[in-house]
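Asker: Give me a 3D structure for the following:
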Amino acid sequence: MASQFGPRVETLDLDPDLNPDHVAPADAMPFADKSFDVVCAFQMLEHVPYEKSLAIFAEMSRVARKGAVISLANAATCWPYSIYIPKFGILNILVPRPRVRVPQHEFDGQHYWEINKEGYPVSRVQKDLEQAGGLKVRKTYWVHECSYHRFFVFTQPQGARPFKQEKNAS
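Answerer: Next comes the predicted model:
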């Protein structure tokens with residue numbers, strides 16, 4: 001769908017019935033280093049054990065030229081509010097709900113782990129992903145319409161060699 005707006009999009013999956021562009025495991029992508037500008041994984045990494053998710057993110061980082069964008073299941077809850085301010089429009093606010101204790105995670109046949117459950121605070125997950133992939137978190141946020149998804153935008157660290165557009169040899 002994004003390709004309808006200009007960017008070239010290629011998909012990867014283990015299941016050939018889903019008709020991906022490439023059939024391969026996410027922790028052994030069949031691409032050269034820095035093959036893609038940005039690599040994305042939405043609501044996917046929590047479906048594998050935590051250590052394997054870090055290996056997958058390292059592989060995503062290897063094939064990413066500029067960075068990566070991921071979303072993860074977020075066990076923290078919040079109250080969403082929308083406030084209309086004349087002349088400015090609607091302001092969406094997410095207020096985290098206070099907790100007495102952090103919930104433990106039990107494998108439900110789908111998710112091996114989730115951020116903001118016991119053992120997986122967002123600070124640890126962010127640090128582990130940065131170390132695994134060598135990328136730095138530029139931004140992390142919740143989406144107002146669905147706070148169960150927490151997004152992370154990773155970029156090459158400061159001082160890394162910037163992406164250069166190659167000139168066509170003619």
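
Asker: Tell me which stretches of the chain form helices.
Answerer: Here the chain has its helices, by DSSP state H, at 50-63, 122-133.

Asker: Show me the one of those that comes nearest residue 83.
Answerer: Closest to residue 83 of the helices of the chain, according to Cβ to Cβ: helix 122-133, at 25.6 Å. Using the backbone N, CA and C atoms, a C-beta is placed for each residue, glycine as well.

Asker: Buried ones in the closest one, by neighbour count?
Answerer: Within helix 122-133, the residues that count as buried by 16 or more other Cβ atoms under 10 Å are 125-126, 128-130, 132-133.

Asker: If you count contacts, what does that helix end up packed against?
Answerer: Other elements packing on helix 122-133 under the criterion 3 or more Cβ pairs under 8 Å, 6 or more residues apart in numbering; DSSP states H and E are helix 50-63, strand 64-73, strand 136-143, strand 146-155.

Asker: Can I get stretch 144-161 in PDB? Just the C-alpha atoms.
Answerer: Extracted in PDB, the C-alpha atoms of stretch 144-161 (Å, rounded to 0.1, in the frame of the first residue of the first chain):
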ATOM      1  CA  HIS A 144      -3.400   8.000  20.600                       C
ATOM      2  CA  GLU A 145      -5.900   5.700  18.700                       C
ATOM      3  CA  CYS A 146      -4.200   2.500  20.000                       C
ATOM      4  CA  SER A 147      -2.000   2.800  23.000                       C
ATOM      5  CA  TYR A 148      -1.300  -0.900  22.900                       C
ATOM      6  CA  HIS A 149       1.200  -0.100  20.200                       C
ATOM      7  CA  ARG A 150       4.500   1.600  21.100                       C
ATOM      8  CA  PHE A 151       6.600   2.800  18.200                       C
ATOM      9  CA  PHE A 152      10.400   3.300  18.100                       C
ATOM     10  CA  VAL A 153      12.200   5.200  15.400                       C
ATOM     11  CA  PHE A 154      15.900   4.300  15.100                       C
ATOM     12  CA  THR A 155      18.600   6.100  13.100                       C
ATOM     13  CA  GLN A 156      22.300   5.700  12.500                       C
ATOM     14  CA  PRO A 157      24.200   7.200  15.500                       C
ATOM     15  CA  GLN A 158      25.800  10.700  15.300                       C
ATOM     16  CA  GLY A 159      29.100  10.500  13.600                       C
ATOM     17  CA  ALA A 160      28.100   7.500  11.500                       C
ATOM     18  CA  ARG A 161      28.800   7.900   7.800                       C
END
